[in-house]
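Participant: sequence plus predicted model, see below.
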Amino acid sequence: MAVIKVALGGRSYDVVVEPDILPNFAAITDKLLKSDTVCVVADERAWAEHGRRLEASLAQGGREIALYEVASGEGSKSWSELEKLTDWLLEKGVERSDNVIAFGGGVVGDLTGFACSILKRGCGFIQVPTTLLAQVDSSVGGKTAINTKAGKNLVGAFHQPNLVLADITTLSSLPPREMRAGYAEVIKYGILGNLPFFEWCERHGPALVAGDTALLEEAVAQSVSMKAAIVAEDERETTGKRALLNLGHTFGHALEAETGFGNKLLHGEAVALGMVLAARYSARLGNIARKEAERITRALDAAGLPSEISALSLDCDGETLVGHMLHDKKMEGGTLPFILLDAIGKARLDRNVVLDDVAAFLTEELQAH
Ligand SMILES: NC(=O)c1ccc[n+]([C@@H]2O[C@H](COP(=O)([O-])OP(=O)(O)OC[C@H]3O[C@@H](n4cnc5c(N)ncnc54)[C@H](O)[C@@H]3O)[C@@H](O)[C@H]2O)c1
Ligand SMILES: O=C(O)C(=O)C[C@@H](O)[C@H](O)[C@H](O)COP(=O)(O)O
Ligand SMILES: [Zn+2]
């Protein structure tokens, strides 16, 4: 078992990483749950697979649940779903000092976290992430959001959970494609700031995405430790440190917008493609050696992730993708900083990128190979 603290003064919380912790849910959360009825917002598939264990544990502790099921998929991060969910939480009489349970992947975590950030100007919540992506990334750090017509995560808030319980056993039912997508955010930590961890991923990535529990537990604990350290240093992405976690996302979110949020690409797949593009663009600028950029491509390929945007056969050019990027939340005074690489394990924020050049590069990538 690993318990990793996200150190944020009075808003600090623990991330518990362990196989089969759901049967102990009631005991672990007892002090955080105030009322006899606990509001649970759950991804419909995750709940069908694993909800019973949480429900049984709460029942043993003398509590019952009020369940709100969220339809699977990125489409649930929307204004209409947010409205329905907040209305339901109000109807259930959730108070500021209550803790709502978010049970599912990044979609449920982002939606529920955002609803909790605005409910009565802020109530508590507990993250129970059930996808690899949510365990290594989205459940930690307090970024919450929905998507809008203009782009990805454009309406949201920083709102930290009071506890994160990552039960590795829930990953046993995750579809292989979702496992691979989550792995993109795992290897991201190595690429942006930890060469030994990238090398660990090179060695173990294929077995990890195949579901090896020991490797998954190690990857989740390592990833959360790295994210917790970054979030503790720059919670609200103001110093440039936390922005490094956005490696691959400026390109990736543009691909998600162009392909209609979840219709063709999962978030993790878009991030994998985005990291290849960030690495190749860094090589084009002479920052990282081209062969190191291609080492990243190979590592993603080896785990079955997409790595060539030309294979998507998109009906657009580089300028269209750059158009999507202009909605990026990192925009500052009309310029868009990019997370680029000087080496594997050494990412940095570059404020001097010329968007016309990025567009030309992307047009080449869309046609290449
Ligand atoms: N807040 C953050 O810091 C942050 C970080 C990374 C990603 N995100 C967001 O997270 C979202 C992606 O999250 P995700 O990859 O977890 O996707 P997701 O929440 O859509 O879940 C993926 C799929 O797995 C299913 N599922 C969930 N748990 C399951 C289980 N245990 N067994 C079987 N099926 C299960 C879901 O129904 C869904 O079909 C994106 O919207 C992304 O923008 C947020
Ligand atoms: O926690 C962060 O900070 C991240 O950037 C993690 C990303 O993996 C995640 O997808 C995040 O939601 C993207 O942030 P955004 O600010 O670009 O929406
Ligand atoms: Zn991400």
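Facilitator: Cool, the structure landed. Ligands and ions are numbered 1, 2, ... in the order given.
Participant: C-alpha from now on. contacts and neighbour counts both.
Facilitator: OK.
Participant: quick one, domains of the protein?
Facilitator: For the chain, the TED database gives the domain ranges 2-171, 176-367.
Participant: the strands in the stretch 101-250 of the chain, which residues?
Facilitator: For the stretch 101-250 of the chain, the strands defined by DSSP state E, counting those that start in this stretch occupy 124-129, 143-148, 151-158, 163-167.
Participant: and the third one with ligand 2, contact?
Facilitator: What that stands for is strand 151-158. Yes - Strand 151-158 lies within reach of ligand 2 by CA under 6 Å from any ligand atom, at N153.
Participant: tell me the strands beside that strand, with direction?
Facilitator: Strand 151-158 sits in its sheet next to strand 143-148 (antiparallel), going by DSSP bridges.
Participant: just the CA trace of the partner strand, in CSV.
Facilitator: Taking Å, rounded to 0.1, in the frame of the first residue of the first chain, the C-alpha atoms of strand 143-148 are listed here in CSV:
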residue,chain,number,x,y,z
LYS,A,143,-8.4,20.5,-11.8
THR,A,144,-12.1,20.1,-12.6
ALA,A,145,-13.9,21.1,-15.8
ILE,A,146,-16.4,20.5,-18.5
ASN,A,147,-15.9,21.0,-22.3
THR,A,148,-17.7,23.7,-24.3
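Participant: got the buried residues for that strand?
Facilitator: K143, T144, A145, I146, N147 (16 or more other CA atoms under 10 Å).
Participant: just put the domains of the chain in TSV and tack on mean pLDDT and distance to ligand 1.
Facilitator: Listed next are the domains of the chain as TSV, based on pLDDT from 0 to 100; distance: least, CA to the nearest ligand atom, whole Å:
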stretch	mean pLDDT	distance to ligand 1
domain 2-171	98	3
domain 176-367	97	5
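Participant: give me the residue at the spatial middle of the chain.
Facilitator: S138 (3.5 Å; CA atoms, centre = their mean).
Participant: ok, that one touching D110?
Facilitator: Yes - contact criterion CA atoms under 8 Å: S138 and D110 qualify, at 7.5 Å.
Participant: deepest in the core, which of the strands of the stretch 101-250 of the chain is it.
Facilitator: Of all these, strand 124-129 has the most neighbours on average by mean count of other CA atoms under 10 Å, namely a mean of 28.
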